[in-house]
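S.K.: starting from these lines, generate the structure:
(one chain, ligands or ions: 1)
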Amino acid sequence: MPMRTRLDLAVSESSRACQILLDAALAELPSLADGRRAVLLVDANVRRLHGHALPAWPVVEVGIGEGAKTLATIEHLARTLVAAGVDRSTLLVGVGGGVTCDVTGFLGSILLRGLPFGFVATTLVAQVDAAIGGKNGVNLDGYKNLIGTFTQPEFVVCDHGFLSTLPAREMGCGMAEAIKTAAIGDARLFTRIEADLDAVLACDHALLAPVVEGAARTKVRIVAADERERGPRQLLNFGHTLGHGVEKVFAMSHGEAVAIGMVAAARLSVRRGLLAADDGARLERLLARAGLPTAWPEGRWPDLVEAMRRDKKRHEGRQLGVLLRAIGDGVVVEIDDAEWREACA
Ligand SMILES: NC(=O)c1ccc[n+]([C@@H]2O[C@H](COP(=O)([O-])OP(=O)(O)OC[C@H]3O[C@@H](n4cnc5c(N)ncnc54)[C@H](O)[C@@H]3O)[C@@H](O)[C@H]2O)c1
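M.R.: Residues are numbered from 1 along each chain as shown. Below you'll find the predicted structure:
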């Protein structure tokens, strides 16, 4: 039996503590349910590929991709679950990537005023980032995550076995989030990713596991200090101010859009004299090696400015963004639209 690593995320503002089981097997799910009635909310692709390995609990499918992160999905799932007779003791288990986790977490935090929920994270994005930290929600008119809550799942199961069926492009998107976390808060993890990137992308378990664990540990450390994102948690938005705009305007995947956002933020950091040019180049090289886009897509600047204006990270008319002072050292600063534009030129 492989060694299992367990991280505990306890946040003072939350009524719930969350256990994150790294290197865990899906087979542990029944013991986490602990005899309670459970319903699986499963990404349709994951059901097709891995449904045979799931416990024999009732299944409700969650639609595929970013288009499923809507209030309409929440309403549909809520009706289905209410019709199936769920009550406040029913455990909801989201099985899928970031979209399934965000949808399940939001539904679990509002349905019947809240019922217990947990995640089986099946993408690298979810295992290193999306499943951890208690942020959940859906998009509104295509603008990202405008509706949601901070509610911790009871547990997150990260079984690397799922990643063997993940398309290479989705592995790259997961690396974007791991690189982001390393860039703002863990220089050693960044160096590890530089050294082991090819093996990690090829799902070499021995080298993948420490990267997932490193990213998860750094995220847990930051969220434990600031669950509601009033301070240091904002650092995890590195690449996201512009990235969320790019994701909406160019209909790009989340990880790829965040990669472009990180390149722009790194260039801006160098222009402001905060970051050494060599470190900016290091970040760009690593993202490119992970197969992520680093070039700015053509045009649509007014749409991007509009998308950034609607971003919930804007405070009292000020646009906050994350820059780097060094690899492993992010800082939250005010950035105006014109400065973003110059960084993208
Ligand atoms: N809540 C947070 O803190 C947080 C953090 C980061 C990202 N996110 C959100 O996460 C979402 C992106 O997550 P994602 O990249 O996992 O996207 P996703 O959930 O859409 O999954 C990506 C694709 O992989 C497929 N898939 C999932 N598991 C698979 C497997 N094991 N094998 C084969 N295919 C599989 C899915 O069907 C989908 O087509 C975005 O909506 C983003 O906003 C949330």
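S.K.: excluding its backbone neighbours, what's nearest the closest residue to the ligand within the chain?
M.R.: Nearest residue of the chain to the ligand (C-beta to the nearest ligand atom) works out as Gly98 at 2.0 Å. Backbone N, C-alpha and C define where each C-beta goes, glycine included. Closest residue to Gly98 apart from its sequence neighbours, by C-beta to C-beta, 6 or more residues apart in numbering: Ala130 at 3.3 Å.
S.K.: quick check: that neighbour touching Thr100?
M.R.: No - counting by C-beta atoms under 8 Å, Ala130 stays clear of Thr100, with 9.1 Å between them.
S.K.: can you get me a residue count around Gln19?
M.R.: 18 (other C-beta atoms under 10 Å).
S.K.: again, but for the one 3 residues further on
M.R.: Leu22 sits with 21 neighbouring residues when counted by other C-beta under 10 Å.
S.K.: Ala281 too?
M.R.: Ala281: 12 neighbours (other C-beta under 10 Å).
S.K.: do the same with Arg192
M.R.: A total of 18 residues lie near Arg192 under the criterion other C-beta under 10 Å.
S.K.: ditto for Val263
M.R.: By other C-beta under 10 Å, 25 other residues sit near Val263.
S.K.: what about the spatially closest residue to it that is not a sequence neighbour, which helix or strand?
M.R.: Using C-beta to C-beta, 6+ apart and skipping residues adjacent in sequence, the residue nearest Val263 is Thr294, 4.8 Å away. Secondary structure assignment for Thr294, by DSSP states H and E: no helix or strand.
S.K.: run me through the strand neighbours of the longest strand belonging to the chain, direction for each.
M.R.: As assigned by DSSP state E, the longest strand anywhere in the chain is strand 318-326. Strand pairing for strand 318-326, using DSSP bridges, gives strand 314-315 (antiparallel), strand 329-334 (antiparallel).
S.K.: contacts only, for Glu177.
M.R.: Going by C-beta atoms under 8 Å, 6 or more residues apart in numbering, Glu177 touches Leu124, Val125, Val128, Asp129, Ala130, Ala215, Gly255, Val258.
S.K.: roughly how far does the second one sit from Val331?
M.R.: Think Val125. Val125 sits 24 Å away from Val331, going by C-beta to C-beta, to the nearest Å.
S.K.: try the last one
M.R.: Per C-beta to C-beta, Val258 is found 18 Å from Val331.
S.K.: who's more crowded, these two?
M.R.: Val258 (29 against 17).
S.K.: which strands and helices sit next to the helix or strand that one falls within?
M.R.: Assigning secondary structure by DSSP H and E places Val258 in helix 254-271. Packing contacts for helix 254-271, counted by 3 or more C-beta pairs under 8 Å, 6 or more residues apart in numbering; DSSP states H and E, involve helix 168-185, helix 240-249, helix 277-289, strand 318-326, helix 337-344.
S.K.: can I get those in JSON lines including distance to Gly134 and mean pLDDT?
M.R.: Shown next, in JSON lines, are those (distance: least, C-beta to C-beta, whole Å; pLDDT from 0 to 100):
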{"stretch": "helix 168-185", "distance to Gly134": "16", "mean pLDDT": "97"}
{"stretch": "helix 240-249", "distance to Gly134": "17", "mean pLDDT": "88"}
{"stretch": "helix 277-289", "distance to Gly134": "27", "mean pLDDT": "98"}
{"stretch": "strand 318-326", "distance to Gly134": "20", "mean pLDDT": "91"}
{"stretch": "helix 337-344", "distance to Gly134": "29", "mean pLDDT": "81"}
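S.K.: want to throw these into CSV with distance to the ligand?
M.R.: What follows is the helices and strands packed on helix 254-271, written out as CSV (distance: least, C-beta to the nearest ligand atom, whole Å):
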stretch, distance to the ligand
helix 168-185, 5
helix 240-249, 8
helix 277-289, 16
strand 318-326, 14
helix 337-344, 20
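S.K.: cheers, nothing more for now.
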